[in-house]
Every structure is written in structure tokens, then in C-alpha cells.
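# 3D, please:
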Amino acid sequence: MMSTNPSNSSPSERLSAQLPDELSGAQRALYDSIVAGPRAAGPQRFALVDAQGRLNGPFGPLLVQPQLGAAVSALGETIRYGTQLTDREREIAILLVATACRSEFEWYAHARIGRHVGLDDEQLGALAAGHAVPVATEREAAVVQLVGALLDNRPIDDAQYASAHSVLGEVGVFETACLVGYYRLLAGVIDAFAVGVPDDAEPSPWRET
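As a prediction, this is how the structure comes out:
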């Protein structure tokens, strides 16, 4: 079910018309695919739309260029719901990207999801601080190491690849690399359009207060 909540809205003020009845045909098709797709199924950790029906978070900017936006949305759905990564592995990786990019909205949304899939305050704090992350499995450790190497902006050497491949396999390495690229892309879109978090959102751990 699509979630709406006036106090939980964060559409960007930099965007042009975003109300559902102001959208073009292609924009409306993309809008409908987001609000009726897998992101809207099950319990909502953050609202997909605000009280006026505008898309929250990074989804509003996708409507600016709906052909490209639809491709980005489809990639995100596959990364969220169509990989072999476990829920915890996926959220650990996303939160590492959010921290590296200082992406407030990514942290806000995925810290909530992370808690839902079993990450505790100690683990979330370590992820936010860039410290060694307490992990539960060898696979989680391999994800942390690979994501860290990818975010280091240096080529993955043979030893790093072999270490990741020995635990995650070829598919897991590919999925993790795609995840990092996708959430870096979203962080850039969020930054470019100044997508905010709700007024009542808990500040990200690295924000100066």
C-alpha cells in the first residue's frame, strides 16, 4: 500500500511541477510504476509520496527525464529485490555508500530499513563513523571489505578481487559493485536537487549540530 504522511514529506523545491495531475503521459507512467511497484508493497519505512501526492526522496527527480528515470528506477528495483544479497548485506552496503557520500536522505531511509532487517545501534554507529563494522557472517565481512575498496576510488587489485570472489562468488561481486554504483548515482541526484529529509527526521550521525 502506498504510504502518505504530511509530516513525512521531503520533495525537492528545485523541481518543476510534480503534482500527479500536472505530469505528462510518460511521467505519469513512471509515477504509477513507482507508487504501485514493489517499493510500495509491505510495511513502509518512509513515505513514497507526500500529502499532495508528490514523490518523496530521489523518486521525484526521476520524473524530470522519464525515459532515463524509468531505467534508473528499474535498476533500483532489481538491486533492492532481485539479487542474491541478503537484506542485511544489502543495507550494510547501502549505508556505507550513504556515509561515504554524506547523503542525508539515503541514511534517513536506509537506517530505518536497516533496523527492520536486524542492524542494531552499535552496527549503525560503526557504519556512520567509518569504523570497523560488527558483522554476523563471513559474507557480510566480504561485502564490507569490497564496498570499502570500491568507495576508495582506486582500482580493485587482484588480491582484493580474489578475497571477495572466494566468499561472494562472481555474481555477488557483480551485484555489490552495481549496488555501490547505483546508490552513488542516487546520492548525486539527491544532492543536485537538494532533496531533503522530513523536519522530524533524526539527524544523520555525521551532521554537525
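
# going forward, measure contacts and count neighbours with C-alpha atoms only.
OK.

# Could I get the full set of helices for the protein?
Taking DSSP state H as the test, the helices found in the chain are 25-35, 59-62, 66-81, 87-101, 104-116, 121-129, 138-151, 158-192.

# Dump those helices into TSV; add mean neighbour count as well.
Listed next are these as TSV, based on neighbours: other CA atoms under 10 Å:
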stretch	mean neighbour count
helix 25-35	18
helix 59-62	24
helix 66-81	16
helix 87-101	22
helix 104-116	20
helix 121-129	17
helix 138-151	19
helix 158-192	17
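
# Mind checking the ones you listed for the one nearest to Pro43?
Nearest of these to Pro43, taken as CA to CA: helix 104-116 at 10.0 Å.

# So what touches the closest one?
45-46, 57, 88, 91-92, 94-95, 98-99, 124, 187, 190, 195-197, 201-204 (CA atoms under 8 Å, 6 or more residues apart in numbering).

# Could you rerun that using 7 Å?
Residues outside helix 104-116 that contact it (CA atoms under 7 Å, 6 or more residues apart in numbering): 45-46, 57, 88, 91, 95, 98, 196-197, 204.

# what does stretch 137-151 give?
With CA under 7 Å, 6+ apart as the test, stretch 137-151 has contacts from 89, 93, 135, 156, 164, 167-168, 180.

# re earlier: Ser16: which of the helices of the chain is closest?
That would be helix 59-62 among those, by CA to CA, at 9.3 Å.

# Name the nearest of the contacts of stretch 137-151 relative to Glu77.
Distances from Glu77 to the contacts of stretch 137-151, taken by CA to CA, are shortest for Val180, at 14.2 Å.

# any idea how far that closest one lies from Val143?
11 Å (CA to CA, to the nearest Å).

# rewinding a little: tell me which of the contacts of stretch 137-151 has the lowest pLDDT.
Among the contacts of stretch 137-151, Val135 carries the lowest pLDDT, at 91.

# What distance do you get for the closest residue to it other than its chain neighbours to Tyr31?
In this structure, Val135 finds its nearest non-sequential neighbour in Ala141, 6.1 Å apart by CA to CA, 6 or more residues apart in numbering. The spacing between Ala141 and Tyr31, counted by CA to CA, is 37 Å.
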